[in-house]
Each structure stands twice: as structure tokens, then as C-alpha cells.
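K.L.:
Predicted model and sequence follow; I will ask about them next.
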Amino acid sequence: MKPFLPFTRPSIDADSIAAVADVFRSGQLASGPKVQAFEAALAVYLGSERHVRVMTSATAGLEMALQVAGVGEGDEVIVPAMSFAASANVIARLRAKPVFVDIDLHTRNINLDLVEPAITAKTRAIMPVHFAGLPVDMDALYAIAAEHGLRVVEDAAHAIGSRYGNRLIGSFGDLVVFSFHPNKNMTSIEGGAIATADARAAELFEQYRFHGIKRNAQGEIDVLFPGTKSNLTDVAAQIGIDQLRRLDGFNARRLELAGRYFEELAGFPSAVLPARGDSGHSWHMFQVLIDFPRAGMTRPEFQKRMADRGIGIGVHYPSIPSLQYYREQGYRPQDTPVAERVGRETVTLPLFPAMADEDVVRVCRELREMLH
Ligand SMILES: *Cc1c(COP(=O)(O)O)cnc(C)c1O
């Protein structure tokens, strides 16, 4: 029996582990020189004069980005109905209102035709999600934002290394938030980053992530507002530095593996494939839609049968309005029917840089056998 193939797995090499051991020996474990070096490396990677600040998660970053964008109680923020719950949770935590917009069936990104009709006098920001690493049409989205005077907080949790045309996601745009959770395209164990052109916003992020503290020229502290505690550790930052060095290699391999999936699944009628995009797609995930009632099994049964064959299948994600909290707030999943369908039918096939081409062939063989 082949070893179990998970749907994803981070690639941490021996050099990274050795470098982390050195950080432990340095005695500097909380935020110090490695955090500064990680931020500097991210700024070099993204280029074009970007200010980058790291924090313990994209969730923390999204929340502080919304705050800096001026989102507060009673405001509305437009967000796709298909994303990880964190995209909407951070809006709700600020007592603002998530306004869910439906997605496109193939790109699984926010349907830009539906954004303008969702704008009201209370709308303050739009939060596009570059789903699975496929960039949203940024020219169209930023044109809408400019026309209506809205801030943009990009949930780029899936999109580190993704390119829109020839520009990296995060190298332009208002407030762009990345995740370095172990399942994402690069990791710092847990971690996140915000990239922006706005130096003042970057200074605010330093304060938000660390108690609202500002130091004067003499190094004395003052507290400007009750900030939170979401600074990254140097141990995590060291892993992030090594991962960033390998990121383009990881993403090139992801692109190859996605290409193998398209070859193997061409003309396979039982699955709706994702939009292919171009070489700027970072392929955070490869997801197909399956009509489970027609296939004569439930999705958990399908996952169990694939697991029995040594293959891990993920589900990313139920639509956000279908989750209990959002239903209790009066949202109806059927109001965003494409997201609702994707939420019911989606399965995430294994895709990570250390996979072999043969693994893709094996996953597709099992899929065909099970679904005909
Ligand atoms: C993973 C993820 C997040 C949250 O990232 P964390 O770093 O785990 O907080 C937010 N949005 C999307 C779309 C994600 O996939």
C-alpha cells in the first residue's frame, strides 16, 4: 500500500530546521531581528516601495486592515459568499455588516457584475478573495472601488506569489493581506502579513499588533489605543524567510501539478473543473465540483472511500452564509446560489509541491473508478 497522500503538506527542509535551531540558540525568541528580516525580504519580493508588516495570522491582519480602512460599527463591507469564514468573521467582529456577493462558477472568485448593485450609502470597503490563488480582475475591481470611494482590503491568503498580468498580488493595491498558515503556499507555522503603499498604515499595524504602543525617540513607550497582541515570533519569522526563498519554486511545481490534473481530467464528465487562469495562478488548491446525489453517495462517504484508498480529500469551503452564525444573522444561503452550490459540491484534491506526477495520476484513476 502506498503511503497516505494528504490534500496538502508543507515542505520544510533540513536547512530551515537548522536555521530555526540557531534562532533558539540566539536567545531572541519573540519579535526581533528575524521579524525585521522577514518583513524586509517580503518587501523586496513584492517590490515597488511596499511597506510590509507581519503578524500572527491573516485573520489578525484582515481585522487590523479593516480597522485602518475605517470600518466600524454599522458599516458594510462587500465580501464573496465563497471563502473561508475568517473573511466575514473579521467584519462581524468589528460590528460591521458583511454583504455577501455571489461568485463565478468557474473562477470561484467574486462575480464583479454583482458588486455595484450591492453598494449602498453604508458601504465602506470591498474584500476580494483571490480564490485558490487565481487573481480577481484587479483593474475592474479597483475601478469600481475608485468610482464609489471605497477602500479595498484584499484577502490574499491564497495568493502569495500569484500574478495579475505581470504584477505580483500585493505589489500594488490598497491593503493586501497574506496568510502563512501551514496549509498555504508558504508558511511561518502560523503567520500573516499586510502589504501596502501607505507608510502611515504600516506604522498603525505595528501599534495594532503590539498593545497600541508607540515609542518616542528616547525609546520610552506610550499607549495610543488598546491594541492587541499579535506580533510574530523570530522563530516563526525564520521559517518564513526560508519559505519565501523557496516560494517561486513551490509555485512553479504547483502550476505543473495543476497542469497534470487538467490533462488527466480532460473530458471527465463527472466533475466541474476550476478555471485554468494563466501562469500567474499560484494554485493554492485544485478543486472540482461533484454532483454527489447523482454520484449516489454523500461527500463524507466520498471522502471516506478516497481515504480508504490512501487519498486525502479536503472541503474548502461551505459557503459562508450557510454557516450557523450567519444563518442566525438572517443570511440565506440561497441568496448566493453559485457559492451555495460550490459549497455543497466542492472537493479539494491533493496538491502540494512535494507530490509526484504519479500521485496526480493515481488520484485521477481513483476518481474515475469511483464516479465513472
Ligand atoms: C487561511 C485563510 C484565512 C485565514 O488565515 P490565517 O492565517 O489562518 O488566519 C483567511 N482567508 C482565507 C481565504 C483563508 O484561506
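P.N.:
Okay, I see it. Numbering: from 1, shown residues only.
K.L.:
Near the ligand, which residues of the stretch 51-200 of the chain are found?
P.N.:
Within reach of the ligand by Cβ under 6 Å from any ligand atom, the stretch 51-200 of the chain has these residues: 57-59, 83-84, 86-87, 129, 155, 157-158, 179, 181, 192. From N, CA and C alone the C-beta is placed, and that goes for glycine too.
K.L.:
mind redoing it with 8 Å?
P.N.:
Neighbours of the ligand within the stretch 51-200 of the chain, by Cβ under 8 Å from any ligand atom: 56-62, 83-84, 86-87, 129, 131, 155, 157-158, 177, 179-181, 183-184, 190-192.
K.L.:
Among these, name the buried ones.
P.N.:
By neighbour count, with 16 or more other Cβ atoms under 10 Å, these hold 56-62, 83-84, 86-87, 129, 131, 155, 157-158, 177, 179-181, 183-184, 190-192 as buried.
K.L.:
Got the domain ranges for this structure?
P.N.:
14-241, 247-371 (automatic domain parsing).
K.L.:
So what pairs up with Val272 in the strands?
P.N.:
Leu289 (DSSP bridges).
K.L.:
Is the biggest helix by length in the chain in proximity to the ligand?
P.N.:
Ranked by number of residues, the top helix in the chain under DSSP state H is helix 234-265. No: Helix 234-265 is not in contact with the ligand by Cβ under 8 Å from any ligand atom; minimum separation 11.4 Å.
K.L.:
Check which residues of that helix are buried.
P.N.:
For helix 234-265, by 16+ other Cβ under 10 Å, it's 234-244, 246-247, 250-251, 253-255, 257-258, 260-261, 264-265.
K.L.:
distance between it and the chain's centre?
P.N.:
For helix 234-265, the distance from its own C-alpha centre to the chain's C-alpha centre is 14 Å (Cα atoms, centre = their mean, to the nearest Å).
K.L.:
who are the neighbours in contact with the residue lying farthest from the centre of the chain?
P.N.:
What lies farthest from the middle of the chain is Gln218; by Cα atoms, centre = their mean that is 39.1 Å. Counting by Cβ atoms under 8 Å, 6 or more residues apart in numbering, Gln218 touches no other residue.
K.L.:
Ok, which of the domains of the chain comes nearest Phe7?
P.N.:
domain 247-371 (4.1 Å; Cβ to Cβ).
K.L.:
That closest one spans what distance, first to last residue?
P.N.:
Start-to-end span of domain 247-371 (Cα to Cα, to the nearest Å) is 35 Å.
K.L.:
Show me what the longest helix of the chain is packed up against.
P.N.:
For helix 234-265, the packing partners by 3 or more Cβ pairs under 8 Å, 6 or more residues apart in numbering; DSSP states H and E come out as helix 14-26, helix 33-46, strand 286-289, helix 357-371.
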